[in-house]
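Student: This is the structure alone, sequence omitted:
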């Protein structure tokens, strides 16, 4: 309960329900409560906020009416999907048929993540840094165990944590949408990247460089590390794609030679 209690501040405002609404709205804006995240139970929230359950229900009802929460009977209250879909399924399919668009995606990530890393190096609290270091430790363990799924999850959580540490609400929500596409494998196939010789080791080193710079409070080094990481990803994908193209051409030649 002590850990959960730190999430909410006790309410001492005259308009109790409005104060609850304002606090939860602020947590959504700042990316503490993220899209589709489940809120604590009604009983627990009332205790944490130190308000009556009727006042809490009033606040949750207002948030639901504002489109910020979705109440699922028997399951609880969830933060609504708020950022929308930047691309329709048809457009995503179009992108998948035109791989060159992938490099525009990497270019966008490089600029936004380098900006986020610079801000994080300046603004990250000790708690932010602790979260980032713990995720990196999970990434190390997954890499050592050869667990690609755990490594991929830790990768995305690390980038998300660094963006969160920027304490820029617009950046947090915009990059959250980008990372959701990444998790769905629309633009970024990490397994393909790791299949390239030594890429896995190099990626891990780059993540260590990025975390070291952020936690050391060095904005220039953090920005450089973020850009270097995405530049490497782009070069590796180009190299891997070109190697695949050459292999396909060689296989066609082999088939023709075998027919003669």
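Tutor: Everything's here; your move. All figures in this text were calculated on a predicted structure; none of them were measured in a lab.

Student: going forward, measure contacts between C-alpha atoms and count neighbours the same way
Tutor: Noted.

Student: Residue 58 and residue 67: what is the separation?
Tutor: To residue 67, residue 58 is 14 Å away according to Cα to Cα, to the nearest Å.

Student: Those two: which is more packed in?
Tutor: residue 58 (16 against 13; other Cα atoms under 10 Å).

Student: so which strand or helix has that one?
Tutor: Taking DSSP states H and E as the definition, residue 58 sits inside helix 53-65.

Student: go on, residue 249?
Tutor: Short version, using DSSP H and E: residue 249 is in helix 219-259.

Student: now for that helix, which elements pack on it?
Tutor: The contact analysis (3 or more Cα pairs under 8 Å, 6 or more residues apart in numbering; DSSP states H and E) places helix 219-259 against helix 100-123, helix 190-194, helix 199-215.

Student: related to what we said a few turns ago, for the helix holding residue 58, packing partners?
Tutor: helix 16-29, helix 42-49, strand 69-72.

Student: any residues touching that helix, and which ones?
Tutor: Contact partners of helix 53-65, identified using Cα atoms under 8 Å, 6 or more residues apart in numbering, comprise 16-18, 20-21, 42-43, 45-46, 69-71.

Student: how many degrees apart are it and helix 42-49 in direction?
Tutor: 100 degrees (axes from the mean of the first three to the mean of the last three Cα atoms, to 10 degrees).

Student: and of the helices and strands packed on helix 53-65, who's closest to residue 124?
Tutor: helix 16-29 (17.1 Å; Cα to Cα).

Student: for that closest one, what is the average pLDDT?
Tutor: In this model, helix 16-29 has a mean pLDDT of 90.

Student: repeat for stretch 40-57
Tutor: Per-residue scores along stretch 40-57 average to 91.

Student: how long is it from one end to the other?
Tutor: 13 Å.

Student: Please compute how far stretch 228-235 lies from its chain's middle.
Tutor: Taking Cα atoms, centre = their mean, to the nearest Å, one finds stretch 228-235 lying 18 Å from the centre of the chain it belongs to.

Student: would you turn the helices and strands packed on helix 219-259 into CSV with distance to residue 233?
Tutor: Below are the helices and strands packed on helix 219-259 laid out as CSV (distance: least, Cα to Cα, whole Å):
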stretch, distance to residue 233
helix 100-123, 8
helix 190-194, 8
helix 199-215, 8
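
Student: Next, format these as a markdown table and append mean pLDDT, distance to residue 236 and mean neighbour count.
Tutor: What follows is the helices and strands packed on helix 219-259, written out as a markdown table (pLDDT from 0 to 100; distance: least, Cα to Cα, whole Å; neighbours: other Cα atoms under 10 Å):
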| stretch | mean pLDDT | distance to residue 236 | mean neighbour count |
| --- | --- | --- | --- |
| helix 100-123 | 92 | 12 | 20 |
| helix 190-194 | 56 | 7 | 16 |
| helix 199-215 | 93 | 8 | 19 |
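
Student: rewinding a little: now do the helix holding residue 58 and helix 16-29, the angle between them.
Tutor: 50 degrees.

Student: In helix 53-65, which residues are buried?
Tutor: 55-56, 58-64 (16 or more other Cα atoms under 10 Å).

Student: go on, stretch 19-28?
Tutor: 19-21, 23-25, 28.

Student: Likewise for stretch 66-82?
Tutor: Taking 16+ other Cα under 10 Å as the criterion, stretch 66-82 shows 68-71, 77-80 as buried.

Student: Between the two ends of that stretch, how far is it?
Tutor: Note: stretch 66-82 ends 11 Å apart using Cα to Cα.

Student: Equivalent analysis for stretch 29-48, please.
Tutor: First-to-last distance for stretch 29-48 - Cα to Cα - comes to 20 Å.

Student: before we move on, the earlier item: could you check the angle the helix holding residue 249 makes with helix 100-123?
Tutor: Using the same axes, to 10 degrees, helix 219-259 lies at 160 degrees relative to helix 100-123.
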